[in-house]
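> would you be able to build a 3D model of this:
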Amino acid sequence: MSPINESIRKTLAYFDLFGYPLTKEELFAYLWQPPRISYEEFIPSVPLQGEGWGGVCNEKFGHYFFSGREGIIENRRQRLLISELKLKIAVRAAKKICAVPFLRAIFVCNSVGAGLARSESDIDFFIIAAPGRIWLVRFFSNLILKFWRLRTYGKKRKDKICLSFFVDEKHLNLQSLCALKDDIHFMYWLHQMIPVYDPKNIYHSFLDANRWTDEYLPNVKRISRSVYLGQLKEGKIGNAWRRIWEAMWGGGYGNILENQAKQFQLTRLKMTLKDTATRSDRSVVIEDGVLKFHENDSRKEIFDKWKLRAQYSENIYD
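Next comes the predicted model:
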């Protein structure tokens with residue numbers, strides 16, 4: 001199998017895990033470690049309907065998938081519809097917290113960001129804070145969303161907001177959070193975020209800080225997610241409110257409040273989270289400028305399944 005077909009096979013194997021076929025444009029953009037190739041050179045490599053290469057790939061309604069997996073086309077349609085509805089909820093929730101002092105941007109990530117949400121899915125926020133104020137941002141974001149009953153709580157997760165990932169502007173590079181070499185799920189995850197509040201266009205700085213993924217996903221920049229139709233605009237009242245509090249809490253007094261917010265929240269964290277933070281799998285991270293609370297991190301499991309799926313398709317269709 002040629003290098004480009006090998007790359008196509010590995011890419012389809014990953015998205016097949018989630019029942020998500022790709023269009024020709026998406027397939028090119030999401031190619032996993034492809035040879036250097038332009039889109040114009042790539043087009044002849046993609047099979048027409050029913051042809052495949054060695055039977056591994058098929059096309060229907062402009063979507064590409066492994067042969068015998070036509071059913072995932074309808075799965076994609078349903079998941080995208082559900083994700084779009086949850087994005088509207090995400091925008092409403094973002095409106096409640098976008099005026100939080102020192103909050104700089106809100107991205108939707110995980111299943112909703114990737115267009116893979118199920119009806120019972122929650123909505124994950126990736127929040128960027130000003131340097132040295134990450135615990136204050138987390139405290140007020142949690143408080144406000146709980147007040148409006150928008151925050152996940154216990155088993156109440158459907159259509160609720162999960163605040164599981166915070167970074168500050170000095171820690172936009174997430175390479176150190178990879179769980180393993182060639183962390184395929186993490187790299188796709190990183191490029192499947194949707195900015196819903198980003199008045200300073202931090203999203204582009206975020207992508208620039210993570211250019212290390214170019215070694216694996218050199219074409220992914222063709223997928224533009226920086227402009228979402230529902231993205232919030234910064235209001236005058238919210239902007240003024242934020243400026244007042246940031247002026248008051250920008251110096252030494254703010255440092256005291258940040259430390260108090262940190263100690264208060266650390267005492268309330270589950271012991272399982274604190275224990276997991278000591279492991280090397282990077283599922284839970286509690287560090288300066290980075291708070292990541294994915295206790296049930298599935299990256300290693302997804303990586304193993306992807307390897308098996310890719311190997312299986314190679315053995316079957318070689």
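> what sits up against the helix or strand Glu25 falls within?
In the assignment (DSSP states H and E), Glu25 maps to helix 24-29. Contacts of helix 24-29 from elsewhere in the structure, counted by CB atoms under 8 Å, 6 or more residues apart in numbering, are 8, 11-12, 39, 42-43, 46, 62, 64, 219-223. In this view, the C-beta of every residue, glycine as well, is placed from N, C-alpha and C.
> off-centre distance for that helix?
Relative to its parent chain, helix 24-29 has a centroid offset of 19 Å by CA atoms, centre = their mean, to the nearest Å.
> show me which parts of whatever helix or strand comes next after that helix are buried, residue by residue.
Toward the C-terminus, helix 24-29 is succeeded by helix 39-42 as the next helix or strand (DSSP H and E). For helix 39-42, burial by neighbour count (16 or more other CB atoms under 10 Å) applies to Phe42.
> just stretch 251-265 next, same as before
254, 257-258, 261-262, 265.
> hey, where'd the strands end up in this structure?
22-23, 57-60, 63-66, 103-109, 123-129, 161-168, 194-197, 284-287, 290-293 (DSSP state E).
> between these, which gets nearest to Lys233?
Judged by CB to CB, the one of the strands of the chain that comes nearest to Lys233 is strand 194-197, at 9.0 Å.
> re the thing from before, I'd like the buried residues of stretch 251-265 as CSV, with distance to Trp148 appended.
CSV is the format used below for the buried residues of stretch 251-265 (distance: CB to CB, whole Å):
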residue, distance to Trp148
Gly254, 25
Leu257, 23
Glu258, 24
Ala261, 20
Lys262, 24
Gln265, 19
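> now these as JSON lines including pLDDT and distance to Leu177?
JSON lines is the format used below for the buried residues of stretch 251-265 (pLDDT from 0 to 100; distance: CB to CB, whole Å):
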{"residue": "Gly254", "pLDDT": "97", "distance to Leu177": "27"}
{"residue": "Leu257", "pLDDT": "97", "distance to Leu177": "27"}
{"residue": "Glu258", "pLDDT": "98", "distance to Leu177": "22"}
{"residue": "Ala261", "pLDDT": "97", "distance to Leu177": "23"}
{"residue": "Lys262", "pLDDT": "96", "distance to Leu177": "20"}
{"residue": "Gln265", "pLDDT": "95", "distance to Leu177": "20"}
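> Thr276: which of these is nearest?
Gln265 (16.0 Å).
> dump the residue contacts of the closest one.
Gln265 touches 135, 138-139, counting by CB under 8 Å, 6+ apart.
> redo those as JSON lines? Include distance to Arg157 and neighbour count.
Listed next are these as JSON lines, based on distance: CB to CB, whole Å; neighbours: other CB atoms under 10 Å:
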{"residue": "Trp135", "distance to Arg157": "24", "neighbour count": "22"}
{"residue": "Arg138", "distance to Arg157": "19", "neighbour count": "21"}
{"residue": "Phe139", "distance to Arg157": "21", "neighbour count": "18"}
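> can you redo these as a markdown table with pLDDT?
Below are the contacts of Gln265 laid out as a markdown table (pLDDT from 0 to 100):
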| residue | pLDDT |
| --- | --- |
| Trp135 | 98 |
| Arg138 | 98 |
| Phe139 | 97 |
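> reformat those as JSON lines; add distance to Asp168.
Formatted as JSON lines, the contacts of Gln265 follow (distance: CB to CB, whole Å):
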{"residue": "Trp135", "distance to Asp168": "10"}
{"residue": "Arg138", "distance to Asp168": "11"}
{"residue": "Phe139", "distance to Asp168": "14"}
